[in-house]
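Q: Make a model of this:
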Amino acid sequence: MLNIGIVGTGWFSSVHAKILCRMEGVRIGAICGTNQAKAEAYAAQFDHAKGYGNVVEMLDGEKLDAVYICVPPFAHGEIEVQLIDRRIPFLVEKPLSVDLETPQYILSRLQEQAVITSVGYHFRYRDSVRMLKQELQESTLGMVTGNWMDSMPTVGWWRNQATSGGQFIEQTTHLVDLLRYTAGEVEEVYAVYGNRSIGQRYDHVTVPDVGTVTLKMKNGVVANLSNTCVLPNGDCKVGLDFYHSKGILHIDRNGLEKSAEGVRTIWTDTVDPYVKENEAFIHAVQTGDASRILSDYRDAFRTQEVTVAALQSAQTGKPVTVNE
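A: All right, here's what the predicted structure looks like:
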C-alpha cells in the first residue's frame, strides 16, 4: 500500500485526492496546510490521513512513498528540497515558481540526487493531443497561434506579480508547454504586456492584464500566444491553432478539430487527463518505470524558461534568447 502525502488544501489538491482515493493500493496518509487547523480539517475527509501545519513535521512524522505539491507559485523551494533530501518522489503542480532561480536550484539538487518527478502539465495526457501529434507528423507545420482569454482568479496572490509571476507564467504556461510538446523547442521570444482595466476594478493589482508573445522555434516555426484576464466570469477562450501544409488543426478544451481542404473532422477526449497523469506517476512510484510520465521536472523547467523569458522581454522591450 502506497502512503501518499499532499501539500496544499486547495482545488488542485482535491482533484488529485479524489483520483487517488479511487486507485487500488494507494491511500492518502498525510495533509500539510498553511496551518495545523486547516490541514486537520482537510485531512478529516480521508480515513487514514493526519494533518500537519509544517512540511518537515509531516515528513518526520510519516513514512511517505510519494508527495503531491499543490501550492501557489511563490511557495515552492523548501518543499521540493526536503523531498529530494529524503529521496521521496513528488508530483508538483505548475508553474515551478515565479522565476528561474528557485527551479534552477531544485534542478541542480535533482542532478545530485535522482528522484522520480512529475509536473502537472495534464494537457499532454489528453487523447486529442496524442491525435494532434500524429497529424502534425504527416505535414509541414508553418505557424501556431494561441490564446488564453479569461477572467481573473479572485485569490489575492494571483493579482500580485511577486507571488504569481503573472498570467503568462501562472496560467498560459499550459499553452507554452503544449506548444513545446507538439511543435518543438523555443529559441527566442518577444513580448508586449499591458494594463487595461483590472487595476481599476480590483485593489493591489501588479500583474499585466493583457499580453502577446511571439516565439521563434528552433525548427523555424513561428508562434504567437496571447492572453488576457479582463473578461467577465463566464467568458473564456482557450486554445491553439496549427497552420500546416495539409490544413488547420484547432485544439481547445473540448477536443481537436481538423480542417483539410474544407472537410472538417472532430475528435473529443474520452479519458480524463488528470487520471492518466496520476496513473503514470503512481505506476512510476510502484515500479520505478517513469516512461509513462510525460512531463518531469527537467522537461518542465524548459517551459519555465520560456515563460520567464517572455516576462523579461516585456520588461525590457527587447527579444530574449531562451537558454539551452
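
Q: Mind jotting down where the strands sit in the stretch 101-250 of the chain?
A: 117-119, 141-149, 186-194, 210-217, 222-228, 237-244, 247-252 (DSSP state E, counting those that start in this stretch).

Q: Now render those strands as JSON lines, adding distance to A30 and mean pLDDT.
A: Every C-beta, even on glycine, is put in place using the N, C-alpha and C of the backbone. Formatted as JSON lines, the strands of the stretch 101-250 of the chain follow (distance: least, Cβ to Cβ, whole Å; pLDDT from 0 to 100):
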{"stretch": "strand 117-119", "distance to A30": "19", "mean pLDDT": "98"}
{"stretch": "strand 141-149", "distance to A30": "34", "mean pLDDT": "98"}
{"stretch": "strand 186-194", "distance to A30": "38", "mean pLDDT": "98"}
{"stretch": "strand 210-217", "distance to A30": "39", "mean pLDDT": "98"}
{"stretch": "strand 222-228", "distance to A30": "36", "mean pLDDT": "98"}
{"stretch": "strand 237-244", "distance to A30": "34", "mean pLDDT": "98"}
{"stretch": "strand 247-252", "distance to A30": "37", "mean pLDDT": "98"}
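
Q: Of those strands, which is nearest R264?
A: Among these, strand 247-252 comes nearest to R264, with 9.5 Å by Cβ to Cβ.

Q: Next SSE downstream of that closest one?
A: For strand 247-252, the following helix or strand on the C-terminal side (DSSP states H and E) is strand 255-260.

Q: still on that earlier bit, out of the strands of the stretch 101-250 of the chain, deepest packed?
A: strand 117-119 (a mean of 27; mean count of other Cβ atoms under 10 Å).

Q: Run the chain-centre distance for that strand.
A: Offset of strand 117-119 from its chain centre (Cα atoms, centre = their mean, to the nearest Å): 10 Å.

Q: now do stretch 218-229
A: 17 Å.

Q: got the contact list for the lowest-mean-pLDDT helix or strand in the chain?
A: Here the helix or strand of the chain ranked lowest by mean pLDDT, DSSP states H and E is helix 198-201, holding a mean of 92. Helix 198-201 has contacts (Cβ atoms under 8 Å, 6 or more residues apart in numbering) with M152, R159, V205, V207, D209, C229, V230.

Q: how about 10 Å then?
A: Residues outside helix 198-201 that contact it (Cβ atoms under 10 Å, 6 or more residues apart in numbering): 151-152, 159, 167, 205-210, 228-230.

Q: Pull out the buried residues from those residues.
A: With burial judged by 16 or more other Cβ atoms under 10 Å, the buried subset of those is M152, R159, Q167, V205, V207, P208, D209, V210, T228, C229, V230.

Q: Next, work out how far apart the nearest residue to the fifth one once chain neighbours are set aside and Y202 are.
A: I take that to be V207. Spatial nearest neighbour of V207, excluding adjacent residues (Cβ to Cβ, 6 or more residues apart in numbering): G166 at 4.5 Å. Distance of G166 to Y202, computed by Cβ to Cβ, to the nearest Å: 15 Å.

Q: Looking at these two, which one has more neighbours?
A: Neighbours were counted for G166 and for Y202 using other Cβ atoms under 10 Å; G166 has more, 27 against 13.

Q: Would you confirm that G25 contacts T287?
A: No - look at G25 against T287 with Cβ atoms under 10 Å: they stay out of range, at 11.6 Å.

Q: quick one: contacts for the closest residue to H244 other than its chain neighbours?
A: With Cβ to Cβ, 6+ apart as the criterion, H244 has its nearest non-adjacent residue at 4.2 Å, and that residue is S139. S139 is in contact with F242, Y243, H244, S245, K246, G247, L249, A260, counting by Cβ under 10 Å, 6+ apart.

Q: Hmm, D269 and R253 touching each other?
A: Yes - using Cβ under 10 Å, R253 makes contact with D269 at a distance of 9.1 Å.

Q: Great, nothing more from me.
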